[in-house]
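S.K.: pasted the sequence and its predicted model underneath.
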Amino acid sequence: FNPEPIADFIDAAVLGDGEEVVLAISEVVREWKGVGRPGGRDELLRRLAVTGNVYVPKFYDVVHAEDGSIEAV
């Protein structure tokens, strides 16, 4: 599954099997809430992105070719 075609409609997407990362994501969210939700939604998305298991489109600049394929990231 390539999440890039729906990047305009999602905040984040799990890369790979969700069963393997759901606990890690839950822990990131729990920790963020536990310290008072610093930085709001953007900080939560950043924390999820740095795990390496979650694709957060807003942190990438993707250039598409005329045929719709990805030209550069």
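M.R.: Okay, I see it.
S.K.: can you report phi and psi for the residue most central in space within the chain?
M.R.: For the chain, the residue nearest the mean C-alpha position is V56 (2.6 Å; Cα atoms, centre = their mean). Phi and psi for V56, reported as degrees, to the nearest 10, are phi -120, psi 100.
S.K.: what's the answer for A65, then?
M.R.: Per-residue torsions, A65: phi -80, psi 170 (degrees, to the nearest 10).
S.K.: what sits against it?
M.R.: Applying Cβ atoms under 8 Å, 6 or more residues apart in numbering, we find A65 in contact with E71. The way it works is simple: take the backbone N, C-alpha and C, and place the C-beta from them, glycine included.
S.K.: roughly how far does it sit from D8?
M.R.: Taking Cβ to Cβ, to the nearest Å as the measure, A65 falls 17 Å from D8.
S.K.: repeat for L48
M.R.: Shown here: L48 relative to D8, a distance of 18 Å by Cβ to Cβ.
S.K.: who has more neighbours, the two?
M.R.: A count of neighbours by other Cβ atoms under 10 Å puts L48 above the other of L48 and D8, at 22 against 7.
S.K.: what sits against K33?
M.R.: Counting by Cβ under 8 Å, 6+ apart, K33 makes contact with nothing.
S.K.: assumed it was part of a helix.
M.R.: Yes. Assessed with DSSP: H, G, I helix; E, B strand; the rest coil, K33 lies in a helix.
S.K.: need the contact list for P38.
M.R.: W32.
S.K.: in terms of pLDDT, where does it sit?
M.R.: P38 carries a pLDDT value of 96.
S.K.: cool, and L15?
M.R.: For L15, the predicted pLDDT is 80.
S.K.: and what of G34?
M.R.: Each residue has a pLDDT score; the one for G34 is 97.
S.K.: relative to E27, how far out is it?
M.R.: Per Cβ to Cβ, G34 is found 10 Å from E27.
S.K.: more neighbours, those two?
M.R.: Set G34 next to E27 and count neighbours by other Cβ under 10 Å: E27 wins out with 11 against 8.
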